[in-house]
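Peer 1: build me a model:
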Amino acid sequence: MKQIEIPYGRTHLLANVAEVNLLGVYESEVPQAAADPIAEVENALDNPIGSQKLEELAVGKKNCVIIASDHTRPVPSKVLMPAMLKRLRSGNPNIDISILIATGCHRETSRAELVEKFGEEIVDNEKILVHDSSDRSQLCFVDILPSGGELVLNKMVMETDLLVSEGFIEPHFFAGFSGGRKSVLPGVAARETVLANHCSEFIQSPFARTGNLANNPIHGDMVFAAKKANLAFILNVVINGEKKIVKAFAGDREAAHEAGCAFLKSVCRVAVPTADIVITSNGGYPLDQNIYQSVKGMTAGEAVCREGGVIILTACCNDGHGGAAFYKVLSECASAQALLDSIADIPRDKTTPDQWQYQILVRILTKYKVIMVTSDCDHEMIRNMKMDAASTIDEALQLAYQYVGLSAKVAVIPDGVSVIAEKA
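Peer 2: Residues are numbered from 1 along each chain as shown. Alright, predicted model coming up:
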């Protein structure tokens, strides 16, 4: 019997898989954390890719907006933000700096979450504003996206003299990779702009997949938005499973991001034999706080599980479903296939809130059984969303064996959001 740790919330769960069933444990080869994360970040800022240094960009600017990720992203902002603030003020002591929290369409980030993210000193002493994608008073029209939707962004990013961002790069289940241009779209965009970018046609595109930027229509919209906003400089990091900084990339919004994506792709692609059962996770806290976010981890299982197989996903989901519309549509639909068919007919400009997330979930559910493992979320709610639920991985495995047989081959991908899983 092989015992394997799977991330869950701020801790982990144990999977006990018989050797005869186990295909293997598949993890990225992301290097160990940098010995000195501050030095790694400073080195990136000293050697920006395709750009002047941040302190040089600050010269002569009256003000600056730093876009920062929200509470759902494990960005090590306690390291990144002080370094950026110091550089900006060393180049221009009088520059007026605001930090804009890129919530996208997520809920507002609380003060407690801001303190956990930045620390008391920054929260108490810096100007921090939280983006609200539905507050028209915050927003302004910019242009028309390649998707045909309106590009509407937070006024702050269009009115500032210098726009920069911090973030992290990880595989993303439809944008290819996170980081870089994503700070602008969806980060500080209007709800209708996010909806247009996340339309059913784009989500269904075979190019809108984990680890792919080439010909990815969602990525194309995002790059366009970042250019229109004049995002001048990014500081992005690659982190490991412990959410520690491995490598930092700074500089031009595209060149620095592409360098980070290339590095990450070189260390996180994993070839997995086709499995009957895949056990995976959403990487633990903060990405597994709700079912909505946990769809990301399921796509790692989707990539390597045989059709008709079972995906077991551990996720704390202490915040529940993560979206009222997300839950309502899934709980009220006749079947996953019926919902998937109806989504295909929705035009770009009629995309509804959370449509992309339940589109991907039902895409998975039409081909696989999904069992969510959690002791912190209502199992009946999960079942209403067309999935099975279990309190332990062992319980989920026993249920999976009932579906696909006791001789089923099991692949374990401990962190489904940190890998680019491909069939061997």
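Peer 1: how does the protein divide up, domain by domain?
Peer 2: Following automatic domain parsing, one gets these domains for the chain: 2-28+273-423, 37-267.
Peer 1: dump those domains into a markdown table; add mean neighbour count as well.
Peer 2: No exception for glycine: its C-beta is placed from N, CA and C like everyone else's. Shown next, in a markdown table, are the domains of the chain (neighbours: other C-beta atoms under 10 Å):
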| stretch | mean neighbour count |
| --- | --- |
| domain 2-28+273-423 | 20 |
| domain 37-267 | 20 |
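Peer 1: pLDDT weak spots in the stretch 151-300 of the chain?
Peer 2: Low-confidence regions of the stretch 151-300 of the chain, defined here as pLDDT under 70, do not occur.
Peer 1: which residue ranges of it form strands?
Peer 2: 162-168, 171-172, 176-177, 231-239, 245-251, 269-272, 275-281 (DSSP state E, counting those that start in this stretch).
Peer 1: can you put the ones you listed in TSV and add distance to residue 376?
Peer 2: Output for the strands of the stretch 151-300 of the chain, formatted as TSV (distance: least, C-beta to C-beta, whole Å):
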stretch	distance to residue 376
strand 162-168	25
strand 171-172	25
strand 176-177	29
strand 231-239	24
strand 245-251	28
strand 269-272	28
strand 275-281	14
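Peer 1: next, the contact list for residue 382, please.
Peer 2: 291, 317, 372, 374, 388, 389 (C-beta atoms under 8 Å, 6 or more residues apart in numbering).
Peer 1: what do you get for residue 219?
Peer 2: Contacts of residue 219 (C-beta under 8 Å, 6+ apart): 175, 176, 181, 208, 213.
Peer 1: can you rerun that using 6 Å?
Peer 2: 175, 176, 213 (C-beta atoms under 6 Å, 6 or more residues apart in numbering).
Peer 1: mind checking the SS state of residue 325?
Peer 2: In terms of secondary structure, residue 325 is helix; the call rests on DSSP: H, G, I helix; E, B strand; the rest coil.
Peer 1: wait, it sits on residue 356?
Peer 2: No - Residue 325 lies out of contact with residue 356 (C-beta atoms under 6 Å); the separation is 11.4 Å.
Peer 1: run the chain-centre distance for stretch 399-406.
Peer 2: 31 Å (C-alpha atoms, centre = their mean, to the nearest Å).
Peer 1: meant to ask about stretch 217-237, not that
Peer 2: 16 Å.
Peer 1: what's the end-to-end length of it?
Peer 2: 24 Å (C-alpha to C-alpha, to the nearest Å).
Peer 1: can you tell me the helix or strand for residue 108?
Peer 2: Residue 108 belongs to no helix or strand when assigned by DSSP states H and E.
Peer 1: quick one: pLDDT of the closest residue to it other than its chain neighbours?
Peer 2: Spatial nearest neighbour of residue 108, excluding adjacent residues (C-beta to C-beta, 6 or more residues apart in numbering): residue 130 at 5.3 Å. We have a pLDDT of 96 for residue 130.
Peer 1: would you confirm that residue 130 contacts residue 102?
Peer 2: No - applying C-beta under 6 Å, one finds residue 130 not in contact with residue 102, separated by 9.2 Å.
Peer 1: returning to what we had before: adding distance to residue 366, write the contacts of residue 219 out as CSV.
Peer 2: What follows is the contacts of residue 219, written out as CSV (distance: C-beta to C-beta, whole Å):
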residue, distance to residue 366
175, 22
176, 23
213, 27
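Peer 1: would you list every one of the helices in the stretch 101-250 of the chain?
Peer 2: Counting by DSSP state H, counting those that start in this stretch, the stretch 101-250 of the chain has helices at residues 111-118, 120-125, 155-159, 191-197, 200-204, 217-228.
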